[in-house]
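# Okay, predicted coordinates and the sequence, questions at the end:
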Amino acid sequence: MSHHVRYALAAFYLSLFLFGYGAPVRAQIYEEAGKKHSWFSFSRPAKDNPTDQMIHAEALLKERQLRRAERAFRSLVLTWPSSPEAPMAQWALARILDQRGKYEDAFDAYQKLMEKYPARFPDHDRVLTRQFEIATQIMNKRRGGFFFGGFEAPERAIPFFEKIVRNAPRSPIAPEAQFLIGEAHEKNYEYELAVVAYSAVLHRYPLSDFAEPAAFARARSLNTLSENYPNDRQAIEEAWAGIMVFLRSFPQSEFSDEAVTIRDRLLKRKAQATYEIARYYDRIAKRPQAAKVSYQQFLEQFPQSPWSDSARERVAALATTSSPDKELPDEQAE
């Protein structure tokens, strides 16, 4: 055996002797050191460990000293966030904020519970239900001066509902939360965003109870957009498609009467827009052949519109005209 091999073996046996190879290994229990607080810290816990701090906070809560209990639970979570007591301390903190009427702070505290301790706090449904109640309350709360009755600000609830949907997209609460996002946008006159939110209900939750009202609300928002932009033919066509899809999908809907009213109004607007194209060729562009074809197409689509008689008269008059259409500059041709 060479001296190099003897040296390696000697080093190996020496390491066994020094580090106790074969000796029982003592399990080390992980103990969280905790956050270091400065001497003036407002979040310094009253006790030296999370167990005693939890007992201290619960005693304050039992005595109905809510402000002090709130600080005690908050100190525990901030100082020992990975301790076994932290999830229940976060839950207690959220409940105290809720009881004190600090609803938005309570929502945020519930949210931290869902984000930081999803596997260590099993009662997710209870948290989601309370978050939904708070978000709905925020949406319906009137704000502003007392003498003028206040005003609603539904858009403030949107980020709260969005967090609920992200927390549990497959929960029973999620379809309604997604629908209320659309309703809040619609009430805030953000019709494009309302259409997107309502469409998400139809895409993600087509079998839910909110699919039908979402389909109608989507069509209604598209119709409002078309009214806001009366010269945008694409907007009219999208509104028409939305209302027709709704009527075919939900023929027995409670919204049917209103939907039919919207459909009839859109049909009249579509007829007028189509008639105006033919009239443009006839009166403005002076293209009789194009005008005659446009009037005929108009009559095929809308034989009973308020402009149908006028269109028939022009078709008869143009039938005797044999002059060819004059060429238009590219920017005027349609």
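Okay, I see it.
# Look up the closest residue to Asn140, ignoring the ones flanking it.
Glu152 (7.1 Å; Cβ to Cβ, 6 or more residues apart in numbering). All C-beta spots, glycine's among them, are computed from the backbone N, C-alpha and C.
# residues touching the one you found, list them.
Residues near Glu152 by Cβ atoms under 8 Å, 6 or more residues apart in numbering: Asn140, Lys141, Arg142, Arg143, Lys187.
# wait, the last one sits on Pro154?
Going back to what we said before, that points to Lys187. Yes: if you go by Cβ atoms under 8 Å, Lys187 and Pro154 touch, sitting 4.5 Å apart.
# picking up where we left off before, let me know the distance separating the residue nearest to Asn140 from Met139.
8 Å (Cβ to Cβ, to the nearest Å).
# Same question for Ala59.
37 Å.
# residue contacts, the nearest residue to Ala319 once chain neighbours are set aside?
Nearest residue to Ala319, sequence neighbours excluded (Cβ to Cβ, 6+ apart): Lys292, at 7.0 Å. By Cβ under 8 Å, 6+ apart, Lys292 lies in contact with Arg314, Val315, Leu318, Ala319, Thr321.
# Model confidence at the residue nearest to Ser208 when sequence neighbours are not counted, what's the number?
Closest residue to Ser208 apart from its sequence neighbours, by Cβ to Cβ, 6+ apart: Pro175 at 3.8 Å. Looking at Pro175, its pLDDT stands at 98.
# Confirm Pro175 sits in a strand?
No: if the criterion is DSSP: H, G, I helix; E, B strand; the rest coil, then Pro175 is helix and not within a strand.
# Three-state assignment for Gly101, please.
Secondary structure, three-state DSSP: Gly101 is coil.
# Look up how far Arg283 lies from it.
Taking Cβ to Cβ, one finds Gly101 at 66 Å from Arg283.
# where along the stretch 201-334 of the chain do the helices fall?
For the stretch 201-334 of the chain, helices defined by DSSP state H, counting those that start in this stretch occupy the ranges 211-228, 233-249, 256-279, 288-301, 308-318.
# so what's the residue nearest to Asn140 bridging to?
Bridge pairing for Glu152 (DSSP bridges) gives the partners Arg142.
# Pull up the gap between it and Asp257, please.
26 Å.
# Check Leu76 too.
In this view, Leu76 and Asp257 are 58 Å apart by Cβ to Cβ.
# Of the two, which one has the most company?
Comparing Leu76 with Asp257 by other Cβ atoms under 10 Å, the one with more neighbours is Leu76, at 31 against 8.
# does the more buried one belong to a helix or a strand, and which?
Following DSSP states H and E, one finds Leu76 within helix 66-79.
# and that helix, what does it pack onto?
Using 3 or more Cβ pairs under 8 Å, 6 or more residues apart in numbering; DSSP states H and E as the contact test, the elements touching helix 66-79 are helix 50-62, helix 86-99.
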